[in-house]
Structure formats: structure tokens, C-alpha cells
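Engineer: Predicted model follows, preceded by the sequence.
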Amino acid sequence: MERSKSSKPSNSPILNNAKNVIYRLEGKISRAIMEEEYGKALSFAMCVLDQLRVKSLTSEAYYEVFTRISDILRRLEARIFDAHKDKKVSIQELYEHAQHAGTIVPRLYLLITLGSVYIRCREVPARDILFDLVECCKGVQHPIRGLFLRSFLSQMTAELLPDAKSPYHGDGGTVDDAVEFVLTNFIEMNRLWVRMNIQHSDGFPAQSSKQGENTVSCERDREDLKQLVGSSLVRLSNMPGMDSNRYQEQVLPRVLEQCINCQDIMAQGYLMGCIINSFPDDFHLKSLEPLLSTISKLKPQVNANRILVSLMKRLERFLLRNVFKGSYSSESQEGKEKHIEDRDSIFPLLHRHTALVLHQKMAELPLRDILETEAALLTFGTRCYPEKLSYVDDVLRFTVQILAVDEERGGRLTQRAKGVVRRLLTIPLEAIGLKILSLRHYHRLLMFLGPAGRRDTAVTICAMVVKDNIPLDSVSKLDKLFTYIEPAVRDVKEDTHSEHRSAPTQDPSSTSLPDKKFDHEQEMVARLMSLIRHPEPDVQFQLFQRLRAELAKGGRRRLKHSIPPLVFGALGLIEKIQRTTNFGGKKASLTEEKLKEKKSEDSGNDSISVTYTTKLKPQDIFVFIYQTLASAYTNYYPETAIRLYLKAAALADRLGMEATAYEFVAQIFIAYEDDLIPLVSSTSDGEALPQTLNLIIATATRFRNFSEGNWEAIVQRTSYHTARLPQQHDKSVSIAKCSHLCWPSTPTLIPMPQPPNPTPSPNIPTQNDPARISTLVPISQSGSRNAEKLAASEPEDLGSVGSDGGGDEKRGKGVGFFFFFFFFIWVFLGDTCVWIC
């Protein structure tokens, strides 16, 4: 009943005068009661009640006067009841005396006050007094006066109803009598409230010569007084005798009938909200059909979206809290089982009526409200029926139809509407994960967003998949996922809303993204690659190949982020093959992921094994890594490529694959000379060269399985580039570190299962293969990628490429002699250097 500072100044003197009269007469009533002159007290009370007939009071001022008079009448009621108990006065005589009052408003207030005493005395049945009072109140048809009068009746009789567990139940009436009394009072209050919109009687607040001001003030007053009407429904729902059967048969039909027949926009919206929020949720489950049918019969201007969303949220909380979790307090176990059996009919019923309402009100409701309703329905379906993917797809299908119709009418999605569409796409992802890939209409809905919106949604999808740690274990699943996150992995153009991919084209909005946002987007895509796993190495390698084909379409800027995790995944697959696979189709040990999956199916068996045949060899994966890095990545990002080459070379050396390791080392120096040095020269980054050389030296110190000739070539090339560093300090430090390469070491070859008849790999060439990659020449001769020059090089100084790396003493002696000889010549050629001991 509170209102902002909008009360009319003309009401202030009227209100102050009424307060003064009430204050003066209140003292007279108290003195009359103390003197036990109750007839005189009633006369003073009638004079006080005349203040409720004052004209031109706003609803706010009228409420203030009503509150003060109500307190006086309650005190009068208590004193009269005590006097009747002491036999100082006859309540019957006072009740008859009040009926002779000259004006109707004071008379009815006194009758209600004395009638409550009459009921408490139990001299007549409570039912007779209650129905007599509710019928007498029909004599006041002034909207504001009638509303407050009936509100006073409801307050004074709240504890006097013949309800269940009430002392007045039985001889005083039944539960049906109590329900009928409250319902009748509610219906009359609603009629008075609705009449405020069409009737401006004498004393109606905020009368104005301007029709616009009159309408605004009337709506404001109605908004203030609507709680008086809703309080009757709250009282009905709180009655102890109210059960689901009585609600369905006696209460709901009459309330819904009143709601439809009033034909008032504000009243229909408010009453439907009161019904949903006042009565228990299990009552709604049993009467869902008539409730939803009424929503479709409301006036087009009523905000049906708010009503439906409120109903779905309440049902969702109730089902999750009670029916699905086994705690059902308001009904018996049989009722609970019945609800569980019938729960599958709740969502289709909601969906059918929601679609009917939205189709009817599509012209009146904003598109955002329609989408909000579908989002609430989708949330209800995914949380209460996570196993029913068809329910999710039905909601998405209807949403696509709504958007298509709006598009045909020339409508455009606003930013807020796009936000709701993104929420519609995120809700099933949070609930069912990658099961969204089996939804037919998910991608169609996604296509209604522009490139920027689809890109944001793609990042959200990636984040959700990574958070849930969902494995990508099939090519079809990977392809479907990349269809959904396409704007994050390649440049696309805005295309029609079809299920086919957009044609690859330059997307200015993508390439011009801020670096920070773009890096975050690509980081989420890169994290997806850790989820590509499968118990069988052959399938996992196929996934890597398919992934590389998709990443190749992303452009140079995206390759910076996507290639490193792909290479690390391939290196991890090599270790997995070495750890779990025997060549020739023998049994392989079970991986941890497969073991967990199998144990969940058969928890009683601890010794589980799985067999599969694999033709995949580490050489095949090393070729995959080589092709991935050498294709385009090294040219643009040589520093990162060198790090990846080093990782591959180190792993190949651990596995005893000298030729493969040597090839990667050769690529390291080619990238250093042809790509990194020119890049550093153009960017003036003085730290890149020494840092890269130090990393090469640190990694080379852990090599254990190179032959003498290959090792000398590696040390020679490393020393050469160390001596060419531009800064003397960096040069001295790097030469000192490079000296560690001259110490002998003990080979630590990791046993690697080999095929029964090992043959040279057709992809990783050996020394005796004349068609091998030209970078297997001595590294000192490989200064560029000129194909003709490299093809003409002869492998005279390679040494024994295929040797087992057993000559460590000779390697230490020869390389040490070479290093110190080179160091001596370099110092005395004129360069200034710090002597290193």
C-alpha cells in the first residue's frame, strides 16, 4: 500500500482533519468503555467510522485512515467480549442496536465487529453470522470503500471460520461452508477491484479533467489495492481443510471462471499469478490441464509468458525436490507412485499448451518474451527429463519455427533476443553434454546467430565440453562438434539458416578480433585436443589426422594455438603405443580408461583384458608430426616449431630411432637458419637466438643413442651457431654450455617392441635410401631449404646412421678435440672473448 511521493497536496488537509477527528473520538470511546457505557461507545465509534466516508481520499490516504480505525475496532471488540463474559452486556442487544445505524458504511463495520464477538460467544452457529455479514457487505458498491470493508471482514473472521481443526467446526458449520464464505468474499472483492477501471464514482480518487492523467492515476491505485484481492486466495490456500480434491472441484473452477469473465487485463494477469504462487505445487500437478487451458483463453494483452514461466519454475522445483528424490509429504505413497507413473505426461502437456499460447499471442508478445518462455520450458525438460532427448529437440524445433516466421515477417534479432537464443543453446549443453550432437535442430537454431554470436556460442560449447571432460572418441563425433564450433576454428561468412556449413571465406569480424579475446577463444579450442582419446591407437591416430585436416582450414593466426597441442597429443600416442602395444596383432594391455569403463560394466572381474590388432608404428606418427610442422607452421612460428622438433627428437632418441631423431634435429637447424634468424633480424628480438640455442643444448645433453658421426655433426652445428651470436655475453655463456656436449655419456636406450621383420619405414628415410629427405646430409651443409641444392648433396660424412650408439668414448674424444680446436682458432682470429676454464 506504499506509494512514492505522488499523493495529491489537496489530500493533506483532508487527511489531517480525519486524523484529528479520530484521535479526539478515540479518547471518548475509551472513557465510555471504562464507564461501562457500551451504547455510548458504539455511538462514538460510528462517528469515527464516518471518516471512512470522506470523499477525495487517495487509496494511500484511505489505507492510513482504515488502519487507525481498525485498531480502535479491535480494542472495542476485545472489551465487549470481556464484558459479555462477565455478563455486563448482552451481545445480542448490541448486535441489533448496530443494525439501526443511519449510514451503511459505519453500520457494516460495527456489525462485523460485533458479529465476530457473537461468533466467539457461540450463541448462534458461525455459519449464520458469516453468511449474513458477507451478504450485507454487498450494500457497499463503492470500489475503494467496498474493498476495504471486505478486507476488514476477512481479517476479523480469519480465526472464526468453521474449518477443520477449528473449535467452530461441527455445529458452527463445515469446511465447505468456510470455503464458500471465503470464495464469495473473494469474488465480490475482485468485482469491486475491476470496477475501478470502468467506474469513476463520487469520491473516486485522483479525478482529473484530463483523461490521460485519470487513466494513469486509476491504474496506479489499482496496483496499490490488488493485494487486498490476492489475500483472499492466500487465505484459501492456508486453510487446514483445503485438499487437492476440494481444490479441483470447488475452488479452482470458480476462481478460473471469475478470472476469464472479468475481461480485465490487470486482473487476469494478477489472479493467474496468485493461483500459481498461492496454492501448493502438487495441487497444480493434478489440475494442470484446466489451468493451462485457461491461460490460452486470457486476453491477448495479458503477459502469458510471465505466467507460464512462473508455473514451470514451480513445477520444476517441486518435481526435483519431491517426486524424483523420494520425499513426497502431502500425499500417500500411492499418490506418489501415481505421480511418478504420470510424470511423462507433464512435459508434453506443458509443451502443447505453451505452443498454443505462443501461436495465439505471437503478434502481441515481443520475440524476446516468446524465447524466454521456450528457455524456461527447455530448462524444465532438461532438468526433469534428462533422458528424454526428444523433449529437448521438440523445444528447439518449435523455437526454430518461431524464428523462421519472424524472419519471414522482416524481423531482426535484437541483442537481448540473441542472448536468449544463446541461452537456449547452452541449457541442453549443461544438462546432457555432447548428447547435443544427436539433436537434429540444435545446429539449425545455432545458424540464426550471426558470426559473432556463433563464435561466442562456440567458445561456450568448448568450455562446457572441457569442463565435463567428455572424450572425443569417434570421427563422427569430432566432425559434428567441429560443425557446431566452426566459427572458432575457421573464418566463415553469414549464410542462410541451413544445416550445411558456410563456405570458407575471410570474416573481417574474426580476423580483427582483439588479441586477448582471440587468444582466449583459441585456447578453449586447443584444450579440446586433450579430450581426443581412444583405447585403440589406430582410432586415436585417425582422430588426429581428421583434426589436422580441420585445423588446416583455420588460417595462420589460428595455427599458432592449435598445432602445439596436436603435436603433443601425437607424441603422447607414441608413448602409449610403446607402453601398451605388441606388434603383430598380439594382446595389448588394457589402458586405464578402458579398464574403468569395463569395471563399471562388470565390477566383479578384476583381471580384465582386451585384444585389438594395430598396424600403427611410431614411425608413422613421427611422419605425421614432421608433415604437420614442416607444412606451414615452421615458416611463421619458428621458435615454437623448434621446441616441438626438440620434443619429437628427444622422444625418438629415447626409443632408439636414431635416423628419425637425426631428421628432426636437422629440421631444427634449418628452421633456426632460414626462419628464426631472419625473423629476429626484422623484429630486433635479441633474446630469441640465445634462448633457442640454450634450449637446443639442454635437450642435446640428454641424447644418448646417436652414432659418432651424427653426434659430431650436431655438436659442430651447435657450436657454429653459438659462435655467431651477436652479443659477447650471450656468446660466452652459450659456448660454456655447449662444452657439456663434449663429455661422454652412458646410453639409456628404452626397450622398444619391434615388428618381427623390421623394414625401413617408407616415410622416415634411412642412410641407404637414395630417395631420403635431403636434410639427412651433414648438418653443417644444410643451410637452407633449396630443394635442388639439397638434392645434390652427398651423404659422405653421415657416418653410421643406423648404428646403435655404442661408441660413446670415441664420440667424447673426437668431439672434444674438434670443439677445443674450433674454440682455439676462433679466439685467435681476432674476436674478443672471455676465456672459459
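Structural biologist: Here it is on my side, so go on. Note that the coordinates shown come from a computational prediction; the quantities given were computed from them, not determined experimentally.
Engineer: and residue 738, what is it in contact with?
Structural biologist: Contact partners of residue 738, counting by CB atoms under 8 Å, 6 or more residues apart in numbering, are 697, 715, 718-719, 722, 819. All C-beta spots, glycine's among them, are computed from the backbone N, C-alpha and C.
Engineer: 7 Å instead?
Structural biologist: Contact partners of residue 738, counting by CB atoms under 7 Å, 6 or more residues apart in numbering, are 697, 718-719, 722.
Engineer: ok, now residue 365?
Structural biologist: With the criterion set at CB under 7 Å, 6+ apart, residue 365 makes contact with residue 305.
Engineer: Let's verify it: helix, strand, or coil?
Structural biologist: Classification of residue 365 by DSSP: H, G, I helix; E, B strand; the rest coil places it in coil.
Engineer: Ramachandran angles for it?
Structural biologist: The phi and psi values for residue 365, taken as degrees, to the nearest 10, are phi -80, psi 140.
Engineer: Now do it against residue 311, distance only.
Structural biologist: Distance of residue 365 to residue 311, computed by CB to CB, to the nearest Å: 16 Å.
Engineer: go on, residue 393?
Structural biologist: For residue 393, the distance to residue 311 - CB to CB - is 23 Å.
Engineer: One more: residue 167?
Structural biologist: Taken as CB to CB, the span from residue 167 to residue 311 is 37 Å.
Engineer: Neighbour count for those two, which is higher?
Structural biologist: Using other CB atoms under 10 Å, the more surrounded residue of residue 167 and residue 311 is residue 311, with 25 against 12.
Engineer: Just give the closest residue to the more buried one, not the sequence neighbours.
Structural biologist: Nearest residue to residue 311, sequence neighbours excluded (CB to CB, 6 or more residues apart in numbering): residue 276, at 5.1 Å.
Engineer: Please report the number of neighbouring residues for the one you found.
Structural biologist: Residue 276 has 21 nearby residues by other CB under 10 Å.
Engineer: For it, list the residues it contacts.
Structural biologist: Counted by CB under 7 Å, 6+ apart, residue 276 has contacts 307, 310-311, 314.
Engineer: how about the residues you listed in CSV, adding pLDDT, distance to residue 79 and secondary structure?
Structural biologist: Formatted as CSV, the contacts of residue 276 follow (pLDDT from 0 to 100; distance: CB to CB, whole Å; DSSP: H, G, I helix; E, B strand; the rest coil):
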residue, pLDDT, distance to residue 79, secondary structure
307, 93, 47, helix
310, 93, 45, helix
311, 93, 47, helix
314, 92, 45, helix
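Engineer: export those residues to a markdown table and tack on distance to residue 428?
Structural biologist: Output for the contacts of residue 276, formatted as a markdown table (distance: CB to CB, whole Å):
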| residue | distance to residue 428 |
| --- | --- |
| 307 | 24 |
| 310 | 22 |
| 311 | 21 |
| 314 | 22 |
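Engineer: which of the residues you listed count as buried?
Structural biologist: 307, 311, 314 (16 or more other CB atoms under 10 Å).
Engineer: Let me know the closest of those residues to residue 259.
Structural biologist: Among the buried ones among the contacts of residue 276, residue 307 lies closest to residue 259 (CB to CB), at 10.8 Å.
Engineer: Go ahead and confirm that closest one touches residue 274.
Structural biologist: No. Counting by CB atoms under 7 Å, residue 307 stays clear of residue 274, with 10.7 Å between them.
Engineer: Quick check: mean pLDDT of stretch 123-141?
Structural biologist: Average pLDDT, stretch 123-141: 92.
Engineer: pLDDT-wise, which helix or strand of this structure ranks last?
Structural biologist: One helix or strand of the chain scores below all others by mean pLDDT, DSSP states H and E: helix 787-791, with a mean of 29.
Engineer: if we can go back for a sec, quick check, pLDDT for the residue nearest to residue 311.
Structural biologist: At residue 276, pLDDT is 94.
Engineer: Find the helix or strand that it is a member of.
Structural biologist: helix 265-278 (DSSP states H and E).
Engineer: what about that helix, distance to the chain center?
Structural biologist: The chain centroid and the centroid of helix 265-278 are separated by 29 Å under CA atoms, centre = their mean, to the nearest Å.
Engineer: Now it: buried residues?
Structural biologist: Of the residues in helix 265-278, those buried (16+ other CB under 10 Å) are 266-276, 278.
Engineer: Where does pLDDT dip in this structure?
Structural biologist: Within the chain, the stretches with pLDDT under 70 are 1-11, 199-215, 323-342, 493-514, 581-614, 685, 744-837.
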